[in-house]
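S.K.: fold the following and give me the result.
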Amino acid sequence: MRTIRPGDRGDDVRDVQRRLSALGSHLDSGELEGVFGPTTESAVRAFQQRRGLLVDGRVGPETWNELVEAGYRLGDRILYLRMPMFRGDDVRTLQRRMNSLGFDAGREDGIFGEGCDRAVRDFQRNVGMDRDGIVGHETLQELERVRPPTDDERSGATLREVEALRKMRASLEGSRVAIDPGHGLQDPGAVGPSGLTEADAAWLLASSIEAELRRRGAEPRLIRTGNEDPPAAERAARANRWGAEVCLSIHLNAHTDPRAEGSMCLYYGHDSATSQAGLRLAEAIQDELTSRIGLTDGRTHPMTITLLRETRMPAVQVEPCFVSNPREERLLGEEPFRRDVAIAIVHGVERFLGARPSGTGSGVAGGGGSGAAIADAGAGVPSDEGAAPGVADAGPGETPPEGQTRLPA
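M.R.: Numbers count the residues shown, from 1 in each chain. Below is the predicted model of the structure:
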């Protein structure tokens, strides 16, 4: 699909407006005939903020998919395991209900995958139903009978993930680390004041990280080549198929204010659940970038972008600098600085692999925050993500190398 932008007119704009209005957005009556005006842009930005997307006021494939998914409520359609998999807020609600009852539906990502199918069948078996995995009227009736929905349902998936982190036994040496250089040949991303593109800077940083990981005994792999630009879903699928234990997506930030500077790390999370492993990995890397190199702290933020949502291992998007900042753009062009960034990121990965969490902390489901600060000017503003949305959901991938334990996503 084409990206729908402010100033556009037509049926596709009208469709976006209809979906925004159904979700409670107020649009000026003068725009409702398919005019992408100021109130439509404001509604799009607010929606992107709520859903953990990159806030740019445009409707690209990722925002469009989220608009479609946000329109589903549990009971609107019959759910079951199929290809392509069902996606939507109805699936996320089902996952949360199953997890709160103790049936492990996995991460609450709104994708009806094998984990959700197993949870449904286990639930059906426990209430004496046929184990057909179909979530229709009868299964929903039983779900209501066993436990009516409440506003304070806690995610069993989050607690299981924290426990898995507690028992984690891994080291950097021999670990498979997937590295995703952001953007690509057809999508250069943001461009700095001297012409350095985000795609080129990300490739140079990713290459430095690969070299440092290899030097430290890890098994790194770049999941795109220098002359391609695969969609985000394909990048996630490549990391999954390879059986990576950690995935690092490398991007650069950008802002209209050239003074904006500093690093930030993104991990998977939304208003009802957070990837505990992703959060810990993001915090470790962000701490190394700010304390070791002295970069301005743009903090860590939960997001639902495709690569973080569809990878089945701890994954983060690292944005160490603003390519739009003249000083940081110059630094990105210097090999010693890129090596320092790579060393900091690898130290963060090593800290994460050796971490032994002492408790659930503040990141338990529902406590991850909405990420509202990331739309503000200055440090902490995420750059555009040009990758297409995902339509495939790869499996858990290959078995990790001998001696390693697969880490929770």
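S.K.: pLDDT score assigned to residue 149?
M.R.: Looking at residue 149, its pLDDT is 69.
S.K.: shaky segments in the stretch 151-300 of the chain?
M.R.: 151-169 (pLDDT under 70).
S.K.: hmm, 50 instead?
M.R.: Counting by pLDDT under 50, the stretch 151-300 of the chain has no low-confidence residues at all.
S.K.: now the strands for it?
M.R.: Here the stretch 151-300 of the chain has its strands, by DSSP state E, counting those that start in this stretch, at 176-181, 219-222, 246-250, 263-268, 297-303.
S.K.: possible to save those strands as CSV with distance to residue 204 and mean neighbour count?
M.R.: No exception for glycine: its C-beta is placed from N, CA and C like everyone else's. Converted to CSV, the strands of the stretch 151-300 of the chain look like this (distance: least, C-beta to C-beta, whole Å; neighbours: other C-beta atoms under 10 Å):
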stretch, distance to residue 204, mean neighbour count
strand 176-181, 9, 25
strand 219-222, 12, 18
strand 246-250, 9, 28
strand 263-268, 16, 28
strand 297-303, 21, 23
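S.K.: need those strands in TSV with distance to residue 191, can you?
M.R.: Supplementary listing: these in TSV, determined by distance: least, C-beta to C-beta, whole Å:
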stretch	distance to residue 191
strand 176-181	16
strand 219-222	22
strand 246-250	17
strand 263-268	19
strand 297-303	20
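S.K.: and these: which comes nearest residue 81?
M.R.: strand 263-268 (21.7 Å; C-beta to C-beta).
S.K.: surely residue 309 meets residue 268?
M.R.: Yes - using C-beta atoms under 8 Å, residue 309 is in contact with residue 268, at 5.9 Å.
S.K.: who touches both of the two?
M.R.: residue 109 (C-beta atoms under 8 Å, 6 or more residues apart in numbering).
S.K.: show me this protein divided up by domain.
M.R.: The chain breaks down by automatic domain parsing into domains covering 11-70, 89-153, 176-375.
S.K.: how about JSON lines for those, with distance to residue 1 added?
M.R.: Listed next are those as JSON lines, based on distance: least, C-beta to C-beta, whole Å:
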{"stretch": "domain 11-70", "distance to residue 1": "6"}
{"stretch": "domain 89-153", "distance to residue 1": "20"}
{"stretch": "domain 176-375", "distance to residue 1": "12"}
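S.K.: most neighbours per residue, which of those?
M.R.: Compared across those, domain 176-375 shows the largest average neighbour count, a mean of 21 (mean count of other C-beta atoms under 10 Å).
S.K.: so how far is that one off the chain centroid?
M.R.: 11 Å (C-alpha atoms, centre = their mean, to the nearest Å).
S.K.: report the contact partners of the closest residue to residue 193 other than its chain neighbours.
M.R.: Using C-beta to C-beta, 6 or more residues apart in numbering and skipping residues adjacent in sequence, the residue nearest residue 193 is residue 326, 5.2 Å away. Residues in contact with residue 326 (C-beta under 8 Å, 6+ apart) are 192, 193, 194, 258.
S.K.: now the two most distant members of the residues you listed.
M.R.: Longest span within the contacts of residue 326, C-beta to C-beta: 194 and 258, 11.6 Å.
S.K.: okay, and the beta partners of residue 222?
M.R.: Beta-bridge partners for residue 222, by DSSP bridges, are residue 179.
S.K.: hmm, it is touching residue 208, no?
M.R.: No - Residue 222 is not in contact with residue 208 according to C-beta under 8 Å; the separation is 11.6 Å.
S.K.: need the residues touching each of the two.
M.R.: By C-beta under 8 Å, 6+ apart, no residue touches both residue 222 and residue 208.
S.K.: before we move on, back to that, which among the domains of the chain is found nearest to residue 4?
M.R.: domain 11-70 (4.1 Å).
S.K.: which pLDDT value belongs to the residue nearest to residue 236 when sequence neighbours are not counted?
M.R.: Distance criterion C-beta to C-beta, 6+ apart; nearest residue to residue 236, sequence neighbours excluded, is residue 310 at 3.8 Å. With respect to pLDDT, residue 310 scores 93.
S.K.: how much space between residue 268 and residue 340?
M.R.: 27 Å (C-beta to C-beta, to the nearest Å).
S.K.: using the three-state scheme, assign the most far-flung residue of the chain relative to its centre.
M.R.: Most distant from the centre of the chain: residue 128, at 36.9 Å, with distances by C-alpha atoms, centre = their mean. Classification of residue 128 by DSSP: H, G, I helix; E, B strand; the rest coil places it in coil.
S.K.: quick one: it and residue 74, what's the gap?
M.R.: 21 Å.
S.K.: try residue 110
M.R.: 11 Å.
S.K.: list the contacts for the nearest residue in space to residue 127 that is not next to it in sequence?
M.R.: Excluding the flanking residues, the one nearest residue 127 by C-beta to C-beta, 6+ apart is residue 142, at 4.8 Å. By C-beta under 8 Å, 6+ apart, the contact list for residue 142 reads 123, 124, 127, 129.
S.K.: wait, is residue 142 part of a strand?
M.R.: No - counting by three-state DSSP, residue 142 is not part of a strand but helix.
S.K.: pLDDT wise, what is it at?
M.R.: So residue 142 comes in at 95 (pLDDT).
S.K.: from residue 100, how far out is it?
M.R.: Distance from residue 142 to residue 100, by C-beta to C-beta: 15 Å.
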